[in-house]
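Colleague: I would like to see how this sequence folds:
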Amino acid sequence: MAHSRKTTGLALGLAGVLALTLAGCSGGSGGGGGGGEDETTTISFLNWEQTDGTPLGKAIAKFEEENPNIKVDIQPTVTGDAYDAKMRTALAGSNPPDVFRINDDYVQQFTANGTLQDLSGYVKKAGIDVDADYAPEVFNFGLQDDGSLTSWQIGYQPAMVFYNKDLLEKAGVPLPPKDWTDENWTWDDFLAAASKVSDGSKTYGALVTPDTNYEQTFSHNNGSPTGIWSKDGTGFTLADPEGAEAIQWAADLTCKEGVQARWADLLQPNANVQLFTQGKVGLLFARAGAIPYFRDNITSFDWDVAAPPAGSADQATEASVVVFGVPKKSDKQDAAFKLLEYLASEEGGQIVAEGGAFTPVNIAAAEALYANSKDAPENISILADSAKHLTATSKTANTLGARQIYRPALDDVYNCKASAEDVLNKVRPQVEKALEKKN
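Modeller: I've put the predicted structure just below:
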C-alpha cells in the first residue's frame with residue numbers, strides 16, 4: 001500500500017509506545033530485554049520524523065510513565081533518502097535500533113533478506129484477537145505465507161475524496177454521500193460533479209493524480225482481483241485491461257473531459273494538495289494524511305471528506321500503512337514489542353493519531369478518536385469505516401525498482417500522447433523482470 005509512495009511530504013505526526021506487561025515473552029526466536037522489576041531497559045527508536053511536540057512524543061512519554069523500567073532512546077532524526085541510508089547502515093551493523101520505522105514498500109524486501117524479527121509469537125502470547133480489535137487488512141500487512149508477522153502496523157492513511165463544499169454548492173452539485181455507499185456516487189457521478197464545477201481556467205473540477213493509492217484503488221474497483229501486482233508479487237497486473245482502463249480514466253479527466261489540471265502543472269511536490277488548499281479544486285482524491293495540513297491552511301472555504309466513488313466491481317480504498325519493525329539482531333525484543341503493542345492499543349492509538357494524520361489500526365481507538373473530534377472535516381468518522389473497505393497492494397521484493405520503470409513511462413499517457421493500454425503493455429516485460437530481483 002505505499003511513497004515513495006507515502007507521506008505526500010506532509011508531516012505524519014505519529015506517536016507511540018506501549019502499556020501491556022509481557023516481560024519474559026519471546027516471539028519466534030526473539031531475545032529478551034524486557035528488564036526485571038528493578039532493572040531499567042533502554043530501547044533505541046529510529047523514526048523519520050521529529051518527535052518533540054508531536055503526538056508521537058506525547059505517546060512515548062505516556063508509555064515511559066506507565067512502564068518506568070523501560071526508557072525509549074529516540075535516535076537523531078533524518079528524513080527522505082538520508083533516512084533510508086541511515087536505516088540500512090544501522091540495520092547492517094552489529095547494534096541496530098531496537099524499533100525502526102519502515103516504508104511499507106520495504107517490508108517484503110527486509111523479510112526476504114532476514115532482517116526482520118517474526119512477531120507472531122508475541123501476538124499469540126499476548127492473546128491479541130486481530131479480527132475483533134484491529135482493522136485486519138492493515139494489521140496483517142506484514143503477515144507472510146508461513147504465518148510469520150515481520151512488521152507491526154499501527155495505523156493507515158486511507159485514500160479518500162476531499163471536496164470543497166462551497167464550490168460544489170455554488171455549482172448546484174449534490175454533496176457526496178456521508179456513508180460508504182455507491183448510491184449516487186460512482187465514477188460517472190464523480191465526473192458529472194467535476195464537470196459542473198470546472199470553469200475551464202481557474203477552477204478544476206477534480207484532481208486524481210497517479211500514485212499507488214489511485215492505481216490500486218481504481219484498478220481494483222474496476223474489476224482487477226489484485227490491483228497493481230499479482231498475488232505472488234511477480235506479475236504486473238496493472239497492465240491488465242481493468243488496470244489500463246483505470247489509468248486511462250484518470251488521464252482522460254485532463255485529456256478528454258477537461259476537468260483536471262495539465263500533468264505539467266501537477267509535477268511539483270504536493271501540487272494537488274496545494275491547489276485544493278487554495279480553493280481551486282472541487283474534488284480531490286488523496287490520502288487522509290493531508291488532513292492536518294488542510295486544518296492548518298484552509299481558511300476561506302468549507303471542506304469535507306467522502307468515500308471513493310464506486311467502480312463497476314467494488315467501492316474500496318487503498319491505504320498507506322504506518323509500519324514499524326524489530327530487527328532480528330535486537331537483544332531487547334520484549335521491551336520493543338511492548339512499545340509496538342502500545343502503539344496499536346486503544347489508549348496509544350488515540351494518542352498517536354490525535355493529530356488526524358492517520359487512522360489507528362485499533363478499531364476502538366479510531367471510533368473514539370473520531371467521535372470526540374470537533375475539527376474539520378465534519379464527516380471524519382468515515383475514515384474509521386474505511387477499515388471495512390480496504391484493498392491492499394500485493395507485496396513484492398522490488399516494488400520501488402518496478403515502479404521506477406512504469407511510472408515515467410506513464411508520463412506520455414498523462415500528457416495525452418499515448419494510451420494507457422499501449423504504454424502498460426510495452427513496459428510489462430521490463431517491470432516483471434524487475435520484480436524477479438531481490439534487492
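
Colleague: I figured residue 86 was touching residue 78, is that so?
Modeller: Yes: using Cβ atoms under 8 Å, residue 86 makes contact with residue 78 at a distance of 5.5 Å. For glycine as for every other residue, the C-beta is placed from the backbone atoms N, C-alpha and C.

Colleague: neighbour count for those two, which is higher?
Modeller: residue 86 (19 against 16; other Cβ atoms under 10 Å).

Colleague: A strand includes the more buried one, no?
Modeller: No: Residue 86 sits outside any strand when classified using DSSP: H, G, I helix; E, B strand; the rest coil, being helix.

Colleague: mind listing what it touches?
Modeller: Residue 86 is in contact with 46, 78, counting by Cβ atoms under 8 Å, 6 or more residues apart in numbering.

Colleague: over to residue 318?
Modeller: Taking Cβ under 8 Å, 6+ apart, we find residue 318 in contact with 1, 158-159, 212-213, 216-217, 220, 227, 390-393.

Colleague: just checking, which of those belong to strands?
Modeller: 158, 159 (DSSP state E).

Colleague: and the two most separated of the contacts of residue 318?
Modeller: Comparing all pairs in the contacts of residue 318 by Cβ to Cβ, the longest separation belongs to 158 and 227, at 14.7 Å.

Colleague: let me have the contacts of residue 318 in JSON lines, extended by neighbour count.
Modeller: Output for these, formatted as JSON lines (neighbours: other Cβ atoms under 10 Å):
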{"residue": "1", "neighbour count": "29"}
{"residue": "158", "neighbour count": "30"}
{"residue": "159", "neighbour count": "27"}
{"residue": "212", "neighbour count": "26"}
{"residue": "213", "neighbour count": "30"}
{"residue": "216", "neighbour count": "30"}
{"residue": "217", "neighbour count": "31"}
{"residue": "220", "neighbour count": "28"}
{"residue": "227", "neighbour count": "28"}
{"residue": "390", "neighbour count": "21"}
{"residue": "391", "neighbour count": "20"}
{"residue": "392", "neighbour count": "20"}
{"residue": "393", "neighbour count": "27"}
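
Colleague: what about residue 159, distance to residue 247?
Modeller: The spacing between residue 159 and residue 247, counted by Cβ to Cβ, to the nearest Å, is 15 Å.

Colleague: quick one: low-confidence residue ranges for the stretch 1-150 of the chain.
Modeller: Applying pLDDT under 70 to the stretch 1-150 of the chain flags the ranges 1-38.

Colleague: which residue ranges of the stretch 101-250 of the chain form helices?
Modeller: Along the stretch 101-250 of the chain, the segments classed as helices by DSSP state H, counting those that start in this stretch run 107-112, 120-126, 130-133, 136-139, 165-170, 187-197, 212-221, 241-255.

Colleague: which among those helices is found nearest to residue 437?
Modeller: Residue 437 lies closest to helix 107-112 among the helices of the stretch 101-250 of the chain, at 9.9 Å (Cβ to Cβ).

Colleague: and the closest one, what does it pack against?
Modeller: Here helix 107-112 touches strand 319-325, going by 3 or more Cβ pairs under 8 Å, 6 or more residues apart in numbering; DSSP states H and E.

Colleague: give the rounded mean pLDDT of the strand it packs on.
Modeller: The average of the pLDDT scores along strand 319-325 is 93.

Colleague: from the chain's centre, how far out does the next helix or strand after that strand sit?
Modeller: Using DSSP states H and E, the helix or strand that follows strand 319-325 towards the C-terminus is helix 333-343. Remark: helix 333-343 is offset 21 Å from the chain centroid, using Cα atoms, centre = their mean, to the nearest Å.

Colleague: and the next helix or strand after helix 333-343, what's its mean pLDDT?
Modeller: The helix or strand immediately downstream of helix 333-343 is helix 346-352, counting by DSSP H and E. Here helix 346-352 scores 95 as its mean pLDDT.

Colleague: beyond helix 346-352, next helix or strand please.
Modeller: Per DSSP H and E, helix 346-352 leads on to strand 359-360 as the next helix or strand towards the C-terminus.

Colleague: other residues contacting the following helix or strand past that following strand?
Modeller: Using DSSP H and E, the next helix or strand after strand 359-360 towards the C-terminus is helix 363-371. For helix 363-371, contacts defined as Cβ under 8 Å, 6+ apart pick out 133-135, 345-350, 353-354, 359-360, 380-381, 383-384, 387.

Colleague: tabulate the helices of the stretch 101-250 of the chain in a markdown table, adding columns for distance to residue 178.
Modeller: Shown next, in a markdown table, are the helices of the stretch 101-250 of the chain (distance: least, Cβ to Cβ, whole Å):
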| stretch | distance to residue 178 |
| --- | --- |
| helix 107-112 | 34 |
| helix 120-126 | 35 |
| helix 130-133 | 26 |
| helix 136-139 | 22 |
| helix 165-170 | 12 |
| helix 187-197 | 15 |
| helix 212-221 | 20 |
| helix 241-255 | 24 |
